[in-house]
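Novice: A structural model of the following input is requested.
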Amino acid sequence: MEEAPRFYTEGAPNAFLEVYPRFRPALTGLRVGGEVIVLTWLHLARRDVLKTHPRGDRSRPLEGVFHTRSPGRPNPIGLHRCRILAVRRDGLRLGPIEVVDGTPVLDLKRVVAEADDS
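Specialist: Numbering: from 1, shown residues only. Here you go, the predicted model:
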């Protein structure tokens, strides 16, 4: 989608990630300032793309999509490293994140600097 930011360092917005009530207890322990990996399903992306011009730049040679961050790919799973800006009862404010409104979230994983007991 053209309106989606290409990369989190290029002006991607912050967002509110609403969590279904049955999963809200899983937010326990997440803290403002921490980082999470958000796994998303890029539901608007094409699934028949195997090669692409990186960043949509036709002057660059075709590359396999596994070498790029293109959303078009056989399994359009997005991987987004985000900072937690607020923890609310009903979800998280986080960002920046390069997705469009309504993008399904598959999972969250806390970023750890080194192995710990979590």
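
Novice: partner residues bridging the nearest residue to residue 70 once chain neighbours are set aside?
Specialist: Take residue 70 and drop its neighbours on the chain: the residue closest to it by Cβ to Cβ, 6 or more residues apart in numbering is residue 52, 4.8 Å away. For every residue, glycine as well, the C-beta is placed using N, CA and C. Following DSSP bridges, residue 52 is listed with bridge partners residue 63.

Novice: quick one, longest strand in the chain?
Specialist: Across the chain, the longest stretch assigned as strand under DSSP state E is strand 77-88.

Novice: thinking residue 40 is in contact with residue 71, fair?
Specialist: No. Using Cβ atoms under 8 Å, residue 40 makes no contact with residue 71, being 9.6 Å away.

Novice: neighbour-wise, which of these two wins?
Specialist: residue 71 (24 against 21; other Cβ atoms under 10 Å).

Novice: skip the chain neighbours and tell me the closest residue to that one.
Specialist: Using Cβ to Cβ, 6+ apart, the closest residue to residue 71 is residue 45 (3.9 Å).

Novice: burial measure for that neighbour, as a count.
Specialist: Residue 45 - counted by other Cβ under 10 Å - has 18 other residues nearby.

Novice: pLDDT value on it, please?
Specialist: Looking at residue 45, its pLDDT reads 91.

Novice: do the same with the one 4 residues further on
Specialist: As predicted, residue 49 sits at a pLDDT of 92.

Novice: surely it meets residue 63?
Specialist: No. Using Cβ under 8 Å, residue 49 makes no contact with residue 63, being 11.2 Å away.

Novice: give me the more crowded residue out of those two.
Specialist: residue 49 (16 against 13).

Novice: that one and residue 70: what is the separation?
Specialist: 7 Å (Cβ to Cβ, to the nearest Å).

Novice: ok, now residue 105?
Specialist: Look at residue 105 and residue 70: by Cβ to Cβ, they are 20 Å apart.

Novice: with neighbour numbers in mind, choose between these two.
Specialist: Ranked by neighbour count (other Cβ under 10 Å), residue 105 and residue 70 place residue 70 first, with 22 against 19.
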